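# Whatever this is, show me its structure:
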Amino acid sequence: MLSSITAEILKGTISWAEYYALAKKYVESDDKPELYRNEKMLRYTAENIKRIDHILGTINIESKLYNALTAVDRDLIWMVLTEPWCGDASQVVPVLYTIASCSEHISFRILQSDSHPEVMDAYLTDGSRSIPKLICIDAVSFEELGTWGPRPKVLQKIVHENINNPDLSFGAKVRMVHDWYAEDKTISIQDEFIDLVRKWS
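Predicted coordinates:
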């Protein structure tokens, strides 16, 4: 299937380093978009940077996944729709970046979803603009090979089961999600990507 992601769209993507620098700028600079002038959004983003730093400093790629990545011989683009304010993104995107970094055949790119609603709407999850969302594309043919996101399947099931739970406040649901990530230690994402990497390559 030909991907909805075109060469023109890819021109608007940024690298992981650029994305991380942008998140830091939103928190630390006086020159920031209106969204990040909101105290709550600013606090979320600052907390997300701490989570990103923790993951990058502690993640270990499992040997089965590493072996699958070193066997990739097809040039791929992993394009992720995401934003620095998103809590799930802070737990997921640095893992995806680290996984992609293990293969010289995977180009990891980020497209900011808030600035590209038309692209986001082509990759909805159960009808919603849920991020992060990874789209895997053949770098030569632009064939779309698959998508992943916004969360590991186990956590997505938990979120769905509790989305309308009247006994849990929004804050409690957020804490539940981050507690799950902390306990899982990136293992669920890595396990899912063992099969995906083999399938896409």
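
# Alpha carbons of stretch 123-138, in CSV - could you do that?
Once side chains and other backbone atoms are set aside, the C-alpha atoms of stretch 123-138 remain, and they are given as CSV (Å, rounded to 0.1, in the frame of the first residue of the first chain):
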residue,chain,number,x,y,z
TYR,A,123,-3.7,7.8,11.4
LEU,A,124,-6.4,7.9,14.0
THR,A,125,-6.7,5.4,16.8
ASP,A,126,-10.3,4.4,17.5
GLY,A,127,-11.3,7.7,15.9
SER,A,128,-9.1,9.9,18.1
ARG,A,129,-5.8,11.8,17.4
SER,A,130,-3.8,9.7,19.8
ILE,A,131,-0.1,10.1,19.9
PRO,A,132,2.6,9.0,19.5
LYS,A,133,2.0,7.2,16.3
LEU,A,134,4.7,5.5,14.3
ILE,A,135,4.4,4.9,10.5
CYS,A,136,6.9,2.6,8.9
ILE,A,137,7.7,3.3,5.2
ASP,A,138,10.0,1.7,2.7
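
# Distance from that stretch to the middle of the chain?
When C-alpha coordinates are averaged (CA atoms, centre = their mean, to the nearest Å), stretch 123-138 and its chain have centres 9 Å apart.

# Provide the contact partners of stretch 45-61 at residue level.
Identification of contacts with stretch 45-61 by CB atoms under 8 Å, 6 or more residues apart in numbering yields 20, 23-24, 26-27, 36, 69, 84-87, 89-91, 93-95, 98-99, 102, 178, 185-186, 190. No exception for glycine: its C-beta is placed from N, CA and C like everyone else's.

# Turn the buried ones among these into a named ChimeraX selection, would you?
The ChimeraX selection below is limited to those of the contacts of stretch 45-61 classed as buried (16 or more other CB atoms under 10 Å):
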select :20,23,26,27,36,69,84,85,86,87,89,90,91,93,94,95,98,99,102,178,186,190
